[in-house]
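*Asks:* coords please:
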Amino acid sequence: MVIKRIEVFVIYLFLQSLSSTIFAQNIFQVRNAGQADVKVFEVNNSGSADLLVYKVNNPGEAKRNNGHWFFVKNSGLATKKIFFVKNQGLADLKIYYVKNSGLARWVNRRKMHLMR
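*Replies:* Residues are numbered from 1 along each chain as shown. Sure thing, here's the model as predicted:
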């Protein structure tokens, strides 16, 4: 009986870690545009953004495609590779960093597909 409970618990932990990896927004910043999945421009105000982004401190806090980003140091762990462009006209996605996790959200939902 105890072994059965341990097995169920181990399976539960595995599925939890798998789901957080699949649905997390693990972001890797590449050095050139050709390597990027998405070209991003950081705007100066939230009204100009497609996505309001909150940087989280650990991957468990990076939620589904809702603007909670965790920056990884290894490109193999990334769900998306981004490149920051200097010209807004070259961007696929405009972001604005927010200081409160509750403010992270899509402003322009037509761009959501870029981060799936």
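*Asks:* who touches stretch 62-81?
*Replies:* 20, 23-30, 35-38, 51-59, 61, 98, 101, 104-106, 112, 115-116 (Cβ atoms under 8 Å, 6 or more residues apart in numbering). In short, each C-beta sits where N, CA and C put it, glycine included.
*Asks:* now the helices for this structure?
*Replies:* 2-23 (DSSP state H).
*Asks:* Okay, now the unreliable bits of it?
*Replies:* For the chain, the stretches with pLDDT under 70 are 1-6, 8-24.
*Asks:* Need the residue closest to the centroid of it.
*Replies:* Closest to where the C-alpha atoms of the chain average out (Cα atoms, centre = their mean) is Q25, at 2.4 Å.
*Asks:* check contacts around L103.
*Replies:* Contacts of L103 by Cβ under 8 Å, 6+ apart are 52, 54.
*Asks:* again with K99
*Replies:* Counting by Cβ under 8 Å, 6+ apart, the residues that K99 touches are Y54.
*Asks:* measure it to Y54 for me?
*Replies:* 8 Å (Cβ to Cβ, to the nearest Å).
*Asks:* Likewise for N87?
*Replies:* N87 sits 25 Å away from Y54, going by Cβ to Cβ.
*Asks:* what's the answer for G60, then?
*Replies:* 14 Å.
*Asks:* Looking only at neighbour counts, state which of the two leads.
*Replies:* Y54 (21 against 12; other Cβ atoms under 10 Å).
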